[in-house]
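*Asks:* Mind looking at a prediction? Sequence and model below.
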Amino acid sequence: MNKKPGILFYVFLVVFVFFVMFPFLWVLLASIKPATELFGDKAFTPFTDKPSLQNYVSVFMNYPFPRYLWNSFVVAFITTIYTVFVASFAAYAIARLQFKGKTIILGLVLSVTMFPQIAIISPIYIIMKNLHLTNSYLGLIIPDTTIALPLAIWILVTFFRKIPYDLEEAAKIDGASLMQTYWKVIFPLATPGIFTTAILVFIAAWNEFLFALTINTDTDYKTVPVGIALFQGQYTIPWGEISAATVVVTVPLVILVLIFQRRIVSGLTSGSVKE
């Protein structure tokens, strides 16, 4: 019989979760502190006697923060839809179809992810500038897709390879075309992996900073990471407002992961279990 975990296991688990969550908890506590308690002797006091939501009010009243949120959502959502759509077809071709050079193509796809953003920001900016796409949603969606697409293809190839080939053979015997086989047989079975990839791409696009900082300089097209970075003034840094904005930005991602955690776990595990 399997033994139940001992008390030390649960103690270790609680300590581990505490250390993982500590940065976010500290930011959350800082967001409800008055400005006078963020510095000096009370700066390292976790709790405050005068909790306030003034920092949250200030974020939405004194900054165009709702606009930042909307811009981030539009860029992340469209990037996710387009990336997953293209990556699913590319991954299916690499994983299921027989043609020469598949290994080389997959290696080239993966090598794209090894380039640091700072090394490619200059040519990308010049291209976006010449195409008159700076200060626009499309000017961010294209670079974000460039970075997210190779990783999405690499992840989805793993999931498509785990689907039994017998299902495709049965579909062909029944007269299904290649596209019918993909949409009616392969795609539904790969949904957990596609969903997991979509979550990862969305989070990456939501948190992207360098492209958003360089390509979109107009306030109307700035995203949340850039907007928070610009909170600081010439002589002061409003840590309370920055903490409040960080909480507002992080909570939707946490809720998204919690709601779809079963699908995410199913997708991650299904790609690692051998038939």
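*Replies:* Here it is on my side, so go on.

*Asks:* CA atoms for contacts and neighbours, from now on please.
*Replies:* Noted.

*Asks:* And what about Gln98, helix, strand or coil?
*Replies:* coil (DSSP: H, G, I helix; E, B strand; the rest coil).

*Asks:* That should have said Thr45, apologies.
*Replies:* Three-state assignment for Thr45 (three-state DSSP): coil.

*Asks:* Please apply the same query to the one 5 residues further on.
*Replies:* Under the three-state scheme (three-state DSSP), the conformation of Lys50 reads as coil.

*Asks:* For it, what are phi and psi?
*Replies:* With angles defined as degrees, to the nearest 10, Lys50 sits at phi -130, psi 70.

*Asks:* where's it relative to Ala90, distance?
*Replies:* Counting by CA to CA, to the nearest Å, the separation of Lys50 from Ala90 is 55 Å.

*Asks:* More neighbours: which of the two?
*Replies:* Neighbours per residue, other CA atoms under 10 Å: of Lys50 and Ala90, the larger number sits with Ala90, 19 against 9.

*Asks:* what's the burial count for the closest residue to that one other than its chain neighbours?
*Replies:* Distances taken as CA to CA, 6 or more residues apart in numbering put Ile153 closest to Ala90, at 6.6 Å, once the chain neighbours are dropped. Using other CA under 10 Å, Ile153 has 25 other residues around it.

*Asks:* how near is Ala244 to Leu29?
*Replies:* Ala244 is 9 Å from Leu29, by CA to CA.

*Asks:* typo on my end, it should be Ile186
*Replies:* Distance from Ile186 to Leu29, by CA to CA: 47 Å.

*Asks:* Neighbour count for Ala244 and Leu29, which is higher?
*Replies:* Neighbour totals were compared for Ala244 and Leu29, and Ala244 leads with 26 against 18 (other CA under 10 Å).

*Asks:* and stretch 219-230, how far out from the chain's middle?
*Replies:* Taking CA atoms, centre = their mean, to the nearest Å, one finds the center of stretch 219-230 at 17 Å from the center of the full chain.

*Asks:* Next, the contact list for the closest residue to Ala35 other than its chain neighbours, please.
*Replies:* Excluding its sequence neighbours, the residue lying closest to Ala35 (CA to CA, 6+ apart) is Gly240, at 6.4 Å. For Gly240, the contact set (CA atoms under 8 Å, 6 or more residues apart in numbering) comprises Ala30, Ser31, Ile32, Lys33, Pro34, Ala35, Leu38, Asn55.

*Asks:* which ones among those residues are found in helices?
*Replies:* Those of the contacts of Gly240 mapping onto helices are Ala30, Ser31, Asn55, per DSSP state H.
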